[in-house]
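Student: All I have is the shape, not the residue letters:
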């Protein structure tokens, strides 16, 4: 029994020490989303959906929950954000070519249509990010409209 207590004590000390280390935060300027919003012109309802369900992981602006202060949870969140921004980053929208923008919207459509996005691990703690069928339709209609405009520009 003494060995279990020692192991638990060591784990507790390591956990406490770990709290002094944290990953870099993703708290950029909200203006970085401006180009994406201006260019794609989502209706108000879609803009709200994007804010609640997408921007935390797919932009340089993240609204962190209280539990982000706990290591190792903060590293797990940072990894999700890193991967999310790697696939689709609205804060870098102005750096994408028309072809790449079209492709990113094509991926967005596919991921929302198949309900792979937003991630279940995100919606567990962000209930407002759960999309209804009507919200999914709104996002898909908007994204398809923007894609059609990019296709016209490309030709």
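Tutor: Okay, I see it. Source: prediction; values computed, not measured. Numbers count the residues shown, from 1 in each chain.
Student: all contacts plus neighbour counts: C-alpha atoms, from now on.
Tutor: Noted.
Student: Outside of the longest helix along the chain itself, list whatever touches it.
Tutor: The residue-count maximum for a helix in the chain (DSSP state H) belongs to helix 133-154. Where contact means C-alpha atoms under 8 Å, 6 or more residues apart in numbering, the residues beyond helix 133-154 that reach it are 40, 42-43, 45-46, 49, 98-99, 101-102, 105-106, 108-109, 112-113.
Student: ditto for stretch 87-105
Tutor: 32-36, 55, 58-60, 143-144, 147, 150-151, 153-154.
Student: So which of those wins on neighbours?
Tutor: residue 59 (27 neighbours; other C-alpha atoms under 10 Å).
Student: Give me the buried entries from the contacts of helix 133-154.
Tutor: 40, 42, 46, 49, 98, 101-102, 105, 108-109, 112 (16 or more other C-alpha atoms under 10 Å).
Student: Find the centremost residue of the protein, please.
Tutor: For the chain, the residue sitting closest to the mean C-alpha position, by C-alpha atoms, centre = their mean, is residue 57 at 1.8 Å.
Student: Got the confidence number for that residue?
Tutor: At residue 57, the model reports a pLDDT of 86.
Student: mind checking how far the host helix or strand of it is from the chain centre?
Tutor: Under the criterion of DSSP states H and E, residue 57 resides in helix 55-58. Centroid separation for helix 55-58 versus its chain: 3 Å, with C-alpha atoms, centre = their mean, to the nearest Å.
Student: Run through the residues that contact the residue nearest to the centre of the chain.
Tutor: 80-82, 84-85.
Student: cutoff 7 Å now
Tutor: Going by C-alpha atoms under 7 Å, 6 or more residues apart in numbering, residue 57 touches 80-81, 84-85.
Student: just to revisit the earlier point, for the contacts of helix 133-154, work out which two are farthest apart.
Tutor: Pairwise distances across the contacts of helix 133-154 peak at 26.2 Å for 45 and 99 (criterion: C-alpha to C-alpha).
Student: now that we have the contacts of residue 57, which one has the most neighbours?
Tutor: Busiest of these [other C-alpha under 10 Å] is residue 81, holding 22 neighbours.
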